[in-house]
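*Asks:* Could you look at this predicted model? Sequence included:
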Amino acid sequence: MATAFPDLRDKLRAGSGGVGSAGECGEGGRKRRAEPASEGEEDEDEETGVESPGADEVARKVQSGVLQARPFTDSECERIEACIDDVVALAERGAYKVRTVDRAPLRNKYFFGEGYTYGSQLVKRGPGQERLYPRGEVDPIPQWIYDLVIRRLEERRIVAKGFVNSAVINDYLPGGCIVSHVDPIHIFDRPIVSVSFFSDSALSFGCKFSFRPIRVSKPVLSLPIAQGCVTVISGYAADEITHCIRPQDIKARRAVIILRRTRINAPRLDPSCLPELPDHLTNRVRRPDKRESPSVRRSSHRKASPYEAHRRRVLAMDEEADKRALVLRTPPYPDGTREHRSDNSPPRSKRPRH
């Protein structure tokens, strides 16, 4: 597929499906030019305050590898969002294979078609160490993604017919993020296609993250992404610079469907080398009777709460915060006690030991 990529870009530019250049899918679907962070612009998350030389040129290179469109109507977005809610509910009931669902605070991932190791799952850290799971370790791509999303992108010539064999749903709560990264070049062909739902956000390029507390440097380019917007990245934007979602850009629940194709020669784990499952998944039992219905129609108007999917992690974080707050509320006094008393009251006399 790599040799056919330039032709696909030409097709995207020439297509009549409303595909535009970077920044044409801003708030509410209105055209809006993506601007690189201007020189000297104040940013409370900026680490250095000094923009690297040639930042404008880098931003232009990024823009040359980004195409955007909004091929979905508001009603179509609502229908797709209802299907995403169904995925969340099915995952909560244990209807998916254990490696289909990857939970993190304020962000859940659902792998369909193909899954792969990344981050803390890697036996050996570093770029190029990611591996596809053995076939069958994650659930197949749901039919509604083919019917409601992929087919529309194929009709608009945004992706080639039969290109997609991997779909990932990232479901973010406010303040969620994904750190700077490059989609593994040895795993995924180009282009990388994503479709955003539920709320507006931004895709940032060239940021650096630091933690405890989390801070993000000024991006080389911040690309506005509206609800229902399709973003296609390739070339420099996909391969030569990192991209991320910053915490400050997730102000409301947001979900994104990432559509990719795995390379034919992508390295794949041997079944005997699968990484251990996280503790919260080791005792999970799949219920095969609770499989997803092939129909894209909903049987109920009730929506699954995405907050339930993050409930366990958030409660654990709140519990830890309460413990810290309790210690801070009862500081030690000069005599070593932690009892609560007024400033003028004498310290309690210690009882002598016999």
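*Replies:* Yes, it's here.

*Asks:* Return the helix or strand in the chain with minimum mean pLDDT.
*Replies:* helix 5-14 (a mean of 42; mean pLDDT, DSSP states H and E).

*Asks:* What's the mean pLDDT across the following helix or strand past it?
*Replies:* Reading on from helix 5-14 to the C-terminus, the next helix or strand found by DSSP states H and E is strand 20-21. Across strand 20-21, pLDDT averages out at 71.

*Asks:* All the helices of the stretch 51-200 of the chain, residue numbers only.
*Replies:* Secondary structure of the stretch 51-200 of the chain, counting by DSSP state H, counting those that start in this stretch: helices at 55-64, 74-92, 143-144, 151-155.

*Asks:* List the buried residues for the longest one?
*Replies:* Applying a neighbour-count criterion of 16 or more other Cβ atoms under 10 Å, the buried positions in helix 74-92 are 77, 79-92. For the C-beta atoms, the positions are set from N, CA and C on the backbone; glycine is no exception.

*Asks:* which of those lies closest to residue 258?
*Replies:* Minimum distance to residue 258 across the buried residues of helix 74-92 is 12.8 Å, recorded for residue 84 (Cβ to Cβ).

*Asks:* give me the element the residue nearest to the closest one when sequence neighbours are not counted is part of.
*Replies:* In this structure, residue 84 finds its nearest non-sequential neighbour in residue 255, 5.1 Å apart by Cβ to Cβ, 6 or more residues apart in numbering. Per DSSP H and E, residue 255 falls inside strand 254-260.

*Asks:* Just the CA trace of that strand, in PDB.
*Replies:* Provided in PDB are the C-alpha atoms of strand 254-260 (Å, rounded to 0.1, in the frame of the first residue of the first chain):
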ATOM      1  CA  ARG A 254     -15.300  12.900  23.200                       C
ATOM      2  CA  ALA A 255     -14.900   9.700  21.200                       C
ATOM      3  CA  VAL A 256     -12.800   9.100  18.200                       C
ATOM      4  CA  ILE A 257     -12.900   6.100  15.800                       C
ATOM      5  CA  ILE A 258      -9.400   5.500  14.300                       C
ATOM      6  CA  LEU A 259      -9.400   3.600  11.100                       C
ATOM      7  CA  ARG A 260      -6.200   2.000   9.900                       C
END
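
*Asks:* Tell me which strands it pairs with, and in which orientation.
*Replies:* The strands beside strand 254-260 in its sheet (DSSP bridges) come out as strand 166-172 (antiparallel), strand 192-197 (antiparallel).

*Asks:* who wins for proximity to residue 21 among the helices of the stretch 51-200 of the chain?
*Replies:* helix 55-64 (6.8 Å).

*Asks:* What are the buried residues along that closest one?
*Replies:* So helix 55-64, judged by 16+ other Cβ under 10 Å, has buried residues 55, 58-59, 61-63.

*Asks:* returning to that earlier point: now do the strand holding residue 255: everything it contacts.
*Replies:* 80-81, 84, 145, 149-150, 153, 159, 164-172, 176, 183, 188-189, 192-199, 201 (Cβ atoms under 8 Å, 6 or more residues apart in numbering).

*Asks:* relative orientation of that strand and helix 74-92 in degrees?
*Replies:* Strand 254-260 runs at 90 degrees relative to helix 74-92, counting by axes from the mean of the first three to the mean of the last three Cα atoms, to 10 degrees.

*Asks:* sorry, back to before: out of the strands paired with strand 254-260, which is closest to residue 270?
*Replies:* Per Cβ to Cβ, nearest to residue 270 of these: strand 166-172, 19.9 Å.

*Asks:* is it possible to export the strands paired with strand 254-260 to a markdown table including mean neighbour count?
*Replies:* Output for the strands paired with strand 254-260, formatted as a markdown table (neighbours: other Cβ atoms under 10 Å):
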| stretch | mean neighbour count |
| --- | --- |
| strand 166-172 | 22 |
| strand 192-197 | 23 |
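
*Asks:* To residue 104, which of the ones you listed lies closest?
*Replies:* Per Cβ to Cβ, nearest to residue 104 of the strands paired with strand 254-260: strand 166-172, 10.0 Å.

*Asks:* contacts for the closest one?
*Replies:* In contact with strand 166-172 (Cβ under 8 Å, 6+ apart) are residues 84, 87-88, 106-114, 141-142, 145, 150, 178, 188, 245, 250, 253-262, 306, 309.

*Asks:* mean confidence for that strand?
*Replies:* 98.

*Asks:* Please apply the same query to stretch 89-97.
*Replies:* Mean predicted lDDT for stretch 89-97 stands at 97.
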